[in-house]
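> I would like the atomic coordinates for the input below:
(2 chains)
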Amino acid sequence: MEIFSSITPGIIDAVWLTLKLAFITSIILLAIALPLSWWLANWQGRTKPLIMSVFALPLVLPPTVLGFYLLIAFSPESPLGQLWYNLSGNMLVFSFEGLVLGSVIYSLPFALQPLYSGFVQLDKRYLEIAYSLGFSNVERFFKIVIPLCKAPVVAAFGLSFAHTIGEFGVVLMIGGSIPGETQVLSIALYEQVEALAYDQAHVLSLLLLVFSFILLAALYRFNGIAVSRSVNRS
Amino acid sequence: MKLSVDLPGRISAKISVGPSAHIVGITGPSGAGKSSFFRALAGVERNADVEMQWGRTVKKIGMVFQQPMLFPHVNVQGNIALAQRHASDKAISVERILTGCCCTHLLDKDVYTLSGGEAQRVAIARALANGPDVLLLDESLSAIDLVTRRRIYQFLKSLCIETGLKCFIVSHDLEDLALFCDELIYISDGQVAMQGGASDVLNTIFTSGTIESPSAVLEGTLIDHREVMSTESLTNQRMQTDSVMFVDVANTRLYVSKTALQVDSHTFTKQPPRQQTVRFAVKACDVSIDTNTSESRQKTTSSILNALPCKIVAINEFECVNNEGRSGKVLLTLETDCNGTIKTNVPSNSFATEPNPQTLYASVSAISVHKLSLCIGLSVIARFKLL
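Got it, this is the predicted structure:
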């Protein structure tokens, strides 16, 4: 009961903001990563390693480095920040929209890699059969490729979601800690610890821990079923 | 129809097929380029230079691989339904396709529960449900049992005759090709080595010695059961079995297992009508040679009842077909001899009074050739089991 009494409106706001950010980011990432990874999986240009490295950079860069560059890029003086200001009348830095854009860039490899692996491993003869049955390219992608790559698609969404929920460095650099606007769970937790409010820090940590565990367990469970089905097929 | 395929490093083939050919067989050693040829025709090889003159409108080319490649995210019914999305007007009813491909009972099954043969049957049904003008089958029946496989071939042949569908079939089973193909193409090292009528091409392949036990296809007419029963006094109930059919080949009565018979323009499952033309394959290794052609042999003392008068037209001694040196085997090419000594009570209404000679092969040992003094032109009796 003590734990529940520690859940303040500020925490509820942070939870809601985090889930909203993760959901919107994951949806945008799927929309970007699906065609991008399909193109990468079917393209064999000389510069492919370089392109792949650029997309994978967020995996290895310290989040603060990426956050610093994004902060520069989103500032009102930069072309992007200026364009955004002209379009919306708001600044991109320290805004929810800026957080979404930063999260999409930061979590891109987590959506791209499972989809790319799934598409590379997909037996292209399924597509050749679909072609011989009269399917267009778009139909083949949505009627054959996506259903056959259900597990990588779910993994891409799940990993993007989980990674966005857990992000800290980038969010802190470009979003700061504005309650209800940019203060996500991980930032709220940091603030509580700074303020020595350990009860609330426990609640936030527990929430993140349980949620992350459930999400990963569900992903592994889904992938396990998909793998056992493909083993049965072969 | 004329087809030309050029795929650098894999195949360069030009073939010409007569307009009356319904089923065209393609064979040759593994890695010869047969599958590449099919993939180029189907339009899935981007680097291939393909010219196709079908001699008629061809809008859809269906393709079935050796691996059935059924879409695993839907069941059998779902696979058929996906094929129907863009089906042409030519597509026949799904019920008939499923019956013809022996997979009606599989409709509600998940794809990953099917056996290899079942999946191949569904894959062929799926391709047919799309209503192709040309169907390319790349060893697509290799995992199907013999009886079902021949039923499906029979169904495909009747479909070709009825709808104008053209089938191209890659197979290593020369007996199947001999039974069902009108024309045959032999591809070797990415080139067309032989092409023409199936029997001519097969004869060249068999006599070249590369096939250890070739098969010949004999054609004949069915003889009425009751007539045979009365003339041969087969009154015992056990002898009156439907599993053995009586076939007149070159004025000689043969006893053939029903499952070995292929009936033109009728489905296999139906009882073949009387006087129907039928075909069946005879393996060279199943044929033995008897030089005693006298009338007395009609009262046979052998359990092998089929005795076909023939003349030896060629003797081919195979060289080193296995690792143990000379095989010691000799392939005899025989032609049916209508003036042979064994006569049967062929029904008077039979049209087969002056039949064309048919080719048969016999694989015998070199010792037998020497002991029996077998030579070209010699009249012999070819004995074989067909049960």
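
> Close to chain A: what parts of the stretch 51-200 of chain B are there?
Contact residues, the stretch 51-200 of chain B versus chain A (CB under 8 Å from any CB of the partner chain): B:60-63, B:65, B:67, B:69, B:71-74, B:82-83, B:85-86, B:111-113, B:126-127, B:130, B:132. For every residue, glycine as well, the C-beta is placed using N, CA and C.

> Apply 10 Å and report the result again.
B:59-65, B:67-74, B:79, B:82-88, B:110-114, B:119, B:123, B:126-127, B:129-132, B:135-136 (CB under 10 Å from any CB of the partner chain).

> Closest residue of the stretch 151-300 of chain B to chain A?
Closest residue of the stretch 151-300 of chain B to chain A, CB to the nearest CB: B:Phe168 (13.2 Å).

> Quick one, which of the residues of the stretch 51-200 of chain B next to chain A are buried?
Buried residues within these, counting neighbours by 16 or more other CB atoms under 10 Å in any protein chain shown: B:60-65, B:67-74, B:79, B:82-83, B:86-87, B:111-112, B:114, B:119, B:123, B:126-127, B:129-132, B:135-136.

> Just these: which are in strands?
Cross-referencing those against strands under DSSP state E gives B:61-64, B:135-136.

> related to what we said a few turns ago, you'd agree the residue of the stretch 151-300 of chain B closest to chain A is up against B:Asp182?
No. B:Phe168 is beyond contact range of B:Asp182, at 11.3 Å (criterion: CB atoms under 10 Å).

> what sits in contact with each of the two?
Listed as contacting both B:Phe168 and B:Asp182 by CB atoms under 10 Å, 6 or more residues apart in numbering or on different chains are B:17, B:21, B:23-25.

> Please indicate which of the residues you listed has the highest neighbour count?
B:Gly25 (27 neighbours; other CB atoms under 10 Å in any protein chain shown).

> which one of the ones in strands among the buried ones among the residues of the stretch 51-200 of chain B next to chain A sits closest to chain A?
Nearest to chain A, judged by CB to the nearest CB, of these is B:Met63 at 4.5 Å.

> distance of B:Lys34 from chain A?
Per CB to the nearest CB, to the nearest Å, B:Lys34 is found 16 Å from chain A.

> quick one: low-confidence parts of chain A?
A:1-6, A:226-234 (pLDDT under 70).

> Which single residue of it ends up nearest chain B?
Counting by CB to the nearest CB, chain A gets nearest chain B through A:Gly134, at 3.0 Å.

> ok, and for the lengthiest helix in chain A, which residues are buried?
Secondary structure of chain A per DSSP state H: the longest helix is helix A:198-233. Of the residues in helix A:198-233, A:200-201, A:203-205, A:207-208, A:211, A:215, A:219, A:223, A:226 count as buried by neighbour count, 16+ other CB under 10 Å.

> Look up the closest residue to A:Ile129, ignoring the ones flanking it.
B:Met69 (5.1 Å; CB to CB, 6 or more residues apart in numbering or on different chains).

> List phi and psi for the one you found.
B:Met69 adopts backbone torsions of phi 50, psi 50, taken as degrees, to the nearest 10.

> what sits against it?
Contacts of B:Met69 by CB under 10 Å, 6+ apart are A:123, A:125-130, B:63, B:79, B:111, B:119, B:123, B:126.

> Any chance of a markdown table for those, columns distance to A:Ile174?
Listed next are those as a markdown table, based on distance: CB to CB, whole Å:
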| residue | distance to A:Ile174 |
| --- | --- |
| A:Asp123 | 42 |
| A:Arg125 | 45 |
| A:Tyr126 | 42 |
| A:Leu127 | 40 |
| A:Glu128 | 45 |
| A:Ile129 | 47 |
| A:Ala130 | 43 |
| B:Met63 | 52 |
| B:Asn79 | 49 |
| B:Val111 | 48 |
| B:Ala119 | 53 |
| B:Ala123 | 53 |
| B:Arg126 | 52 |
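
> Tell me how far the residue of the stretch 151-300 of chain B closest to chain A lies from A:Pro35.
The spacing between B:Phe168 and A:Pro35, counted by CB to CB, to the nearest Å, is 36 Å.

> thinking again about what came up before, neighbour count for B:Phe168 and B:Asp182, which is higher?
Taking neighbours as other CB under 10 Å, B:Phe168 and B:Asp182 compare with B:Phe168 leading, 26 against 18.

> looking at this, that one is in a strand?
Yes. Using DSSP: H, G, I helix; E, B strand; the rest coil, the assignment for B:Phe168 is a strand.

> Identify the bridge partners of it.
Beta-bridge pairing for B:Phe168 (DSSP bridges): B:Val24, B:Leu136.

> Now do it, the pLDDT please.
Note on B:Phe168: pLDDT of 95.

> which residues touch it?
B:3, B:15, B:17, B:21, B:23-26, B:34, B:37-38, B:41, B:61, B:63, B:134-138, B:181, B:183, B:185 are the contacts of B:Phe168 under CB under 10 Å, 6+ apart.

> in chain A, which spans are helices?
Using DSSP H, the helices of chain A run over A:2-5, A:9-42, A:48-60, A:63-74, A:79-88, A:96-121, A:125-132, A:137-139, A:146-148, A:150-166, A:169-175, A:185-194, A:198-233.

> Now tabulate those helices in CSV and tack on distance to B:Cys375.
As requested, the helices of chain A are exported to CSV (distance: least, CB to CB, whole Å):
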stretch, distance to B:Cys375
helix A:2-5, 104
helix A:9-42, 65
helix A:48-60, 70
helix A:63-74, 90
helix A:79-88, 95
helix A:96-121, 63
helix A:125-132, 53
helix A:137-139, 66
helix A:146-148, 64
helix A:150-166, 70
helix A:169-175, 93
helix A:185-194, 96
helix A:198-233, 58
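
> Go through those and pick out the most buried.
Scoring the helices of chain A by mean neighbour count under mean count of other CB atoms under 10 Å in any protein chain shown gives helix A:169-175 as the most buried, with a mean of 24.

> can you point me to the longest helix in chain B?
helix B:146-163.

> so how far is that one off the chain centroid?
Chain-centre distance of helix B:146-163: 11 Å, with CA atoms, centre = their mean, to the nearest Å.

> list the buried ones in it?
So helix B:146-163, judged by 16+ other CB under 10 Å, has buried residues B:148-160.

> which residues of the stretch 101-250 of chain B fall in helices?
For the stretch 101-250 of chain B, applying DSSP state H, counting those that start in this stretch gives helices covering B:116-129, B:146-163, B:174-180, B:198-207, B:225-231.

> And the longest one, what does it pack against?
Read it as helix B:146-163. strand B:23-27, helix B:94-100, helix B:116-129, strand B:134-138, strand B:166-170, helix B:174-180, strand B:262-263 (3 or more CB pairs under 10 Å, 6 or more residues apart in numbering or on different chains; DSSP states H and E).

> Let me know the average pLDDT across the fourth one.
The average of the pLDDT scores along strand B:134-138 is 94.

> which strands and helices sit next to it?
strand B:23-27, helix B:34-42, strand B:61-64, helix B:116-129, helix B:146-163, strand B:166-170.

> Pairing partners for the host helix or strand of B:Ala314, with directions?
Assigned by DSSP states H and E, B:Ala314 falls within strand B:306-317. Applying DSSP bridges, strand B:306-317 is found paired with strand B:329-336 (antiparallel), strand B:379-384 (antiparallel).

> Can you pull out the low-pLDDT segments for the stretch 151-300 of chain B?
Using pLDDT under 70, the stretch 151-300 of chain B drops low at B:225-242, B:264-275, B:295-300.

> What's the separation between the residue lying closest to B:Ser36 once chain neighbours are set aside and chain A?
Residue nearest to B:Ser36 in three dimensions, not counting chain neighbours: B:Arg10, with 4.3 Å by CB to CB, 6+ apart. Remark: distance between B:Arg10 and chain A (CB to the nearest CB) = 16 Å.

> again with B:Met52
Counting by CB to the nearest CB - B:Met52 and chain A are separated by 15 Å.

> What's opposite that residue in the beta bridge?
According to DSSP bridges, the partner residues bridging B:Met52 are B:Leu3.

> what about it, neighbour count?
B:Met52 has 16 nearby residues by other CB under 10 Å.
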